[in-house]
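Colleague: Sharing a model prediction with you, sequence too.
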Amino acid sequence: MMKKNYWIASILVLLQCLISTPEASASSRASKKIGLSVGLVSSPFPSLVGYNLSFNALNFLRLTAGYGSISVGTNDSLATYTADLKTIAFDAKGFLLDWNFAPFVCLGYTSVSGTITGTTTAGGTSLASTGSSIYYGGGLDWQTNIGFNLGFEYKMATISSNSIGLPGVYFGWYF
């Protein structure tokens with residue numbers, strides 16, 4: 001019985017954190033304007049790990065600039081491939097509800113540059129290039145009254161008539 005009461009109390013506290021705001025008519029985005037976050041996989045888009053600076057311009061609008069990277073490679077007996085890409089992206093998130101925990105849609109611009117190299121038993125090759133694209137997506141964002149931020153998102157882009165979509169997560173702090 002004590003464990004049941006513990007779980008009920010925990011759920012009620014979590015709901016209170018999600019719903020309550022310091023001002024009765026606005027989310028925490030109105031009082032905590034500037035944020036720093038770390039994104040995994042899609043923030044900034046595309047990257048494996050990225051660092052973001054955000055500004056809550058309005059209660060329903062967040063502007064974000066980010067820098068990220070992708071460094072991967074394979075090595076087997078027949079071939080070795082490596083990719084080292086850098087991403088700079090800017091996006092705007094529009095929040096659909098005036099709550100601390102709210103769904104959003106986003107629209108952004110990304111620029112990716114880097115090199116991809118490969119070596120096989122027949123020889124090697126290297127490709128260096130820069131490209132850019134418009135992307136769009138959506139997700140869920142939670143910014144608490146004390147400034148903690150957690151978000152889940154899915155972003156998509158069309159590059160050279162090929163569509164790419166990536167899920168991701170970000171977490172950070174707002175001041």
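Modeller: Everything's here; your move. None of the values given here were measured: they were computed from a predicted structure.

Colleague: L166 and G68: what is the separation?
Modeller: Between L166 and G68 the distance, using C-beta to C-beta, to the nearest Å, works out to 11 Å. Where you see a C-beta, it was placed from the backbone N, CA and C, and this is true even at glycine.

Colleague: where do the contact lists of those two overlap?
Modeller: Each of P46 lies in contact with both L166 and G68 under the rule C-beta atoms under 8 Å, 6 or more residues apart in numbering.

Colleague: quick one, which of the two is more surrounded?
Modeller: When L166 and G68 are compared for neighbours, G68 comes out ahead with 26 against 18, by other C-beta atoms under 10 Å.

Colleague: just checking, the more buried one is part of a strand?
Modeller: Yes - looking at G68 with DSSP: H, G, I helix; E, B strand; the rest coil, it is inside a strand.

Colleague: What separation is there between it and G168?
Modeller: 10 Å.

Colleague: Overlap of the contact sets of the two?
Modeller: With C-beta under 8 Å, 6+ apart, G68 and G168 have common neighbours 39, 43.

Colleague: Which secondary structure state does the residue nearest the centre of the chain sit in?
Modeller: Geometric centre of the chain, nearest residue: S43, 2.9 Å, by C-alpha atoms, centre = their mean. Here S43 is coil, with the state taken from three-state DSSP.

Colleague: Name the nearest residue to it, sequence neighbours excluded.
Modeller: Using C-beta to C-beta, 6 or more residues apart in numbering and skipping the chain neighbours, the partner closest in space to S43 is Y170 (4.4 Å).

Colleague: which stretch of helix or strand covers the one you found?
Modeller: Element membership for Y170, per DSSP states H and E: strand 162-174.

Colleague: those helices in this structure, which residues are they?
Modeller: Ranges of helices in the chain, per DSSP state H, are 2-19.
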